[in-house]
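Enquirer: here you go, sequence then predicted model.
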Amino acid sequence: MIDQDVLVIGAGLAGMRAALAAAENGASVAVVTKVYPVRSHSNAAQGGINAALTDRGDKWEDHAYDTVKGSDYLGDQDAIEVMCREAGQEVITMEHMGTIFSRDDAGKLGVRAFGGQRQARTFFVADFTGQALLHVLHEQVLKHKVKVYEEWFVLSLLVEDGECCGAVVMDIRTGAIHVFRAKAVILASGGLGRVFEPSTNALICTGDGMAQAYRVGAPLMDMEMVQYHPTTLKSNGALMSEAARGEGAYLVNALGERFMKKYAPNMMELASRDVVSRSEQTEINEGRGINGCVLLDCRHLGEKKINERLLTIREVAKDFAGVDMVQEPVPIRPGMHYQMGGILTDVDGQTAVPGLYAAGETACVSVHGGNRLGANSLLDTLVFGRRSGVHASDRAKYTKHKNLTDASADNDRQHIRALLDRNGPGEMFGKVRLEMGQTMNQHLAVFRNQQGMETALAKVRELKQRYEKVIVHDKGKTFNTNLIFTLELGFMLDCAEAIVLGALERRESRGAHTRTDMPKRDDENWLKHILIAKTPEEPKVSYKPVVITQWKPQARTY
Ligand SMILES: Cc1cc2nc3c(=O)[nH]c(=O)nc-3n(C[C@H](O)[C@H](O)[C@H](O)COP(=O)(O)OP(=O)(O)OC[C@H]3O[C@@H](n4cnc5c(N)ncnc54)[C@H](O)[C@@H]3O)c2cc1C
């Protein structure tokens, strides 16, 4: 058994920020991560991180309003206020720790414009902001002697007397299964992008944390709110950062028109993501696309600026679309990018299960509501990662360890033994995973309707049954990735079901959830969160009011 005060699951930005805050607050901290820390998906974040700095003439209230409007009024305004008020200090702290942000001509921290915001307030490191931030936090965590268990896979959470008190974890290198005992557990295990196929997300974004929390009784909230990013490559779903449009790129249809002038005359290409993705999909559906895409035109930015600010995506477009954006427009289309929903938490990361915290993409605080603004997620990971770390380490000061033993892992050991003992000609995880991803991408994308969502639910339930018979052919203990991928698929199927159930429940269009059969937003009946909780029978649906502080819902135009 491995004991610590605070166990952090995940070594992306949320997990690292939480671990650092808890260690600074005097707790003994362990971080468990299924990949080497800087391979977490946070590393792939390109465009930047939002903050309203007063010395730029910006106000946190303006950032909060843009976020509320961006969320289509589904974000909880008390939580949004916390995030936006603390944003400036968080970015400055990261700068002081050593993040080398890009600067403007006067030598001050540079900002770029991002979607859905009336003012440029996105701080950035070229187009690899996530990598820069994550490396700095990794250094800090090492400096604070936090123990990091790299390539260890969390199988389940442990709950005793209604309180979360640890986790069961497999060392991927040896296959050995251990009990981690903790006075508080922080889930920072990232998003679920790969429940959809394709996705901009890394292959490891499989919603493990959401499913693990759900299985021990923490409800998931707003799971129907899945963000399709306006600019992804057709070939493999790779992201062309919003930074391109932030730097001034155009979106153009087959007729050469900047079509956004029809849909968002004021903000044009920099309207909120849901708005831009719907506009693109409408152009494509109405025959003004090119092979299922529209074009991202960066040519007028010039090679110098592209190399300075957008070098990574220039390379990605060359490698995966065979297009040099200096010479030619890049064909792009909306693609799955981000899960606004997740494990319901308060602003200190507390879930419905005492002792269990969640932060980052796995959590739903909720600051993104129906649509996340670009560059608000990195901010969310840092602010609420830190706050969870502080609160969890405070809890550890007055909490005793529960009476766990090595036998607490027996259920997981039996489950894995049964999985490995299963033989026969049955199918492998890959086919089920692909069918799930394609089903979700077909029926729960930019536009949805009742019939499509019902088809998806039936398919997901069929896949859940097939999953019970999936065969793991590799029976070994060392680096059994066949086993890991199979376990991940189990988590993904729970997430997929929650997404479809939430989407069927929400009988209106709001933010990323756009129903062609119910195209209007309906504040009277649906200005509320949808919660999905696990029960021994069917998952249970309930509601939670949206917290409104100072911004009453209005019609949303850009
Ligand atoms: C290509 C791309 C670009 C983006 N660009 C931006 C941007 O510019 N600005 C912005 O604000 N947002 C951006 N986002 C979104 C943002 O990067 C993510 O939402 C955010 O980084 C998530 O951070 P996280 O700490 O919650 O999770 P992650 O960084 O995904 O980390 C999850 C961690 O959990 C661990 N883990 C998961 N499951 C298990 C398990 N079972 N056992 C053990 N460990 C586990 C993983 O090993 C990993 O360490 C982008 C996203 C993508 C995909």
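Expert: Nice, thanks for sending it over. In this text, all values refer to a predicted model and were calculated from it rather than measured experimentally.
Enquirer: the residue of the stretch 251-400 of the chain found nearest the ligand - nearest residue in space that isn't next to it in sequence?
Expert: Here the stretch 251-400 of the chain gets closest to the ligand at one residue, residue 360, 2.3 Å apart by Cβ to the nearest ligand atom. Any C-beta I mention is one placed from the backbone N, CA and C, and that applies to glycine too. Closest residue to residue 360 apart from its sequence neighbours, by Cβ to Cβ, 6 or more residues apart in numbering: residue 14 at 2.7 Å.
Enquirer: and that neighbour, how many neighbours does it have?
Expert: Neighbouring residues of residue 14 were enumerated by other Cβ atoms under 10 Å; the total is 36.
Enquirer: in the helix ranked longest in the chain, what's buried?
Expert: Identified as the longest helix of the chain according to DSSP state H is helix 481-505. Buried residues in helix 481-505, counted by 16 or more other Cβ atoms under 10 Å: 482-505.
Enquirer: go on, stretch 266-273?
Expert: So, applying 16+ other Cβ under 10 Å, buried residues of stretch 266-273: 267-273.
Enquirer: that stretch - what's its average pLDDT?
Expert: With pLDDT averaged residue by residue, stretch 266-273 scores 96.
Enquirer: any residue of the worst-scoring helix or strand of the chain on mean pLDDT up close to the ligand?
Expert: Within the chain, no helix or strand scores below strand 111-112, which has a mean of 92 by mean pLDDT, DSSP states H and E. No: for strand 111-112, no contact with the ligand is found by Cβ under 6 Å from any ligand atom; the gap never falls below 10.4 Å.
Enquirer: how much distance is there from the following helix or strand past that strand to the middle of the chain?
Expert: Note on strand 111-112: by DSSP states H and E, the next helix or strand toward the C-terminus is strand 122-123. Distance of strand 122-123 from the chain centroid (Cα atoms, centre = their mean, to the nearest Å) equals 19 Å.
Enquirer: can you dump the C-alpha atoms of whichever helix or strand comes after strand 122-123 in CSV for me?
Expert: Next in sequence after strand 122-123, counting helices and strands by DSSP H and E, comes helix 129-143. Extracted in CSV, the C-alpha atoms of helix 129-143 (Å, rounded to 0.1, in the frame of the first residue of the first chain):
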residue,chain,number,x,y,z
THR,A,129,1.5,27.5,-25.2
GLY,A,130,0.5,24.2,-23.5
GLN,A,131,3.9,22.7,-23.9
ALA,A,132,5.6,25.8,-22.4
LEU,A,133,3.3,25.9,-19.4
LEU,A,134,3.4,22.1,-18.8
HIS,A,135,7.2,22.0,-18.8
VAL,A,136,7.4,24.8,-16.3
LEU,A,137,5.0,23.1,-14.0
HIS,A,138,6.8,19.8,-14.3
GLU,A,139,10.0,21.5,-13.1
GLN,A,140,8.2,23.0,-10.2
VAL,A,141,6.6,19.7,-9.2
LEU,A,142,10.1,18.0,-9.3
LYS,A,143,11.6,20.9,-7.3
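Enquirer: now helix 129-143: mean pLDDT?
Expert: The predicted model gives helix 129-143 an average pLDDT of 97.
Enquirer: that one - contacts with which helices or strands?
Expert: In terms of contacts (3 or more Cβ pairs under 8 Å, 6 or more residues apart in numbering; DSSP states H and E), helix 129-143 is packed against helix 13-24, helix 77-97, helix 377-397.
Enquirer: mind checking the ones you listed for the one nearest to residue 521?
Expert: Residue 521 lies closest to helix 77-97 among the helices and strands packed on helix 129-143, at 17.0 Å (Cβ to Cβ).
Enquirer: what residues sit buried inside the closest one?
Expert: Buried residues in helix 77-97, counted by 16+ other Cβ under 10 Å: 77, 79-84, 86-88, 90-91, 94.
Enquirer: what does stretch 237-254 give?
Expert: Going by neighbour count (16+ other Cβ under 10 Å), the buried part of stretch 237-254 is 237-247, 249-254.
Enquirer: just to be sure, which of the residues you listed are found in helices?
Expert: If you go by DSSP H, the buried residues of stretch 237-254 have 243-246 in helices.
Enquirer: is it possible to get these out as CSV so that each row also shows pLDDT and distance to the ligand?
Expert: Below are these laid out as CSV (pLDDT from 0 to 100; distance: Cβ to the nearest ligand atom, whole Å):
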residue, pLDDT, distance to the ligand
243, 92, 7
244, 95, 12
245, 96, 12
246, 93, 10
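Enquirer: the helices in the stretch 401-550 of the chain, which residues?
Expert: In the stretch 401-550 of the chain, helices defined by DSSP state H, counting those that start in this stretch lie at 410-421, 429-443, 450-467, 481-505, 523-526, listed in chain order.
Enquirer: of those helices, which approaches the ligand most closely?
Expert: Shortest distance between the ligand and the helices of the stretch 401-550 of the chain, using Cβ to the nearest ligand atom, is found for helix 481-505: 7.3 Å.
Enquirer: interface residues of the stretch 201-350 of the chain facing the ligand?
Expert: Residues of the stretch 201-350 of the chain lying close to the ligand (Cβ under 6 Å from any ligand atom) are 201, 204-205, 208-209, 239, 338.
Enquirer: still on that earlier bit, what is the least confident helix or strand of the chain packed up against?
Expert: strand 122-123.
Enquirer: let's see 10 Å
Expert: Packing contacts for strand 111-112, counted by 3 or more Cβ pairs under 10 Å, 6 or more residues apart in numbering; DSSP states H and E, involve strand 122-123, helix 243-246.
Enquirer: phi, psi of residue 211?
Expert: Here is the backbone geometry of residue 211 (degrees, to the nearest 10): phi -70, psi -40.
Enquirer: which helix or strand contains the residue nearest to residue 118 when sequence neighbours are not counted?
Expert: In space, and not counting its chain neighbours, residue 118 is closest to residue 66: 6.3 Å by Cβ to Cβ, 6+ apart. For residue 66, the element it lies in under DSSP H and E is helix 60-70.
Enquirer: my guess is residue 300 contacts residue 258. True?
Expert: No: contact criterion Cβ atoms under 10 Å: residue 300 and residue 258 do not qualify, at 11.7 Å.
Enquirer: and these two? which has more neighbours close in?
Expert: Legend: neighbour count by other Cβ under 10 Å for residue 300 and residue 258, higher for residue 258 (13 against 9).
Enquirer: and the pLDDT for the nearest residue to that one once chain neighbours are set aside?
Expert: Leaving aside its sequence neighbours, residue 258 sits nearest to residue 250 (Cβ to Cβ, 6+ apart; 5.3 Å). The confidence metric pLDDT takes the value 98 at residue 250.
Enquirer: I'd say residue 250 and residue 270 touch.
Expert: No: between residue 250 and residue 270 there is no contact, the gap being 11.1 Å when judged by Cβ under 10 Å.
Enquirer: need the residues touching each of these two.
Expert: Counting by Cβ atoms under 10 Å, 6 or more residues apart in numbering, the common neighbours of residue 250 and residue 270 are residue 260.
Enquirer: quick one: the residue nearest to residue 360 and residue 96, what's the gap?
Expert: 20 Å (Cβ to Cβ, to the nearest Å).
Enquirer: smallest gap between the stretch 151-300 of the chain and the ligand, at which residue?
Expert: Nearest residue of the stretch 151-300 of the chain to the ligand: residue 190, at 2.6 Å (Cβ to the nearest ligand atom).
Enquirer: contacts only, for residue 45.
Expert: By Cβ under 10 Å, 6+ apart, the contact list for residue 45 reads 12-13, 124-125, 127-134, 239, 241, 375, 377-378, 381.
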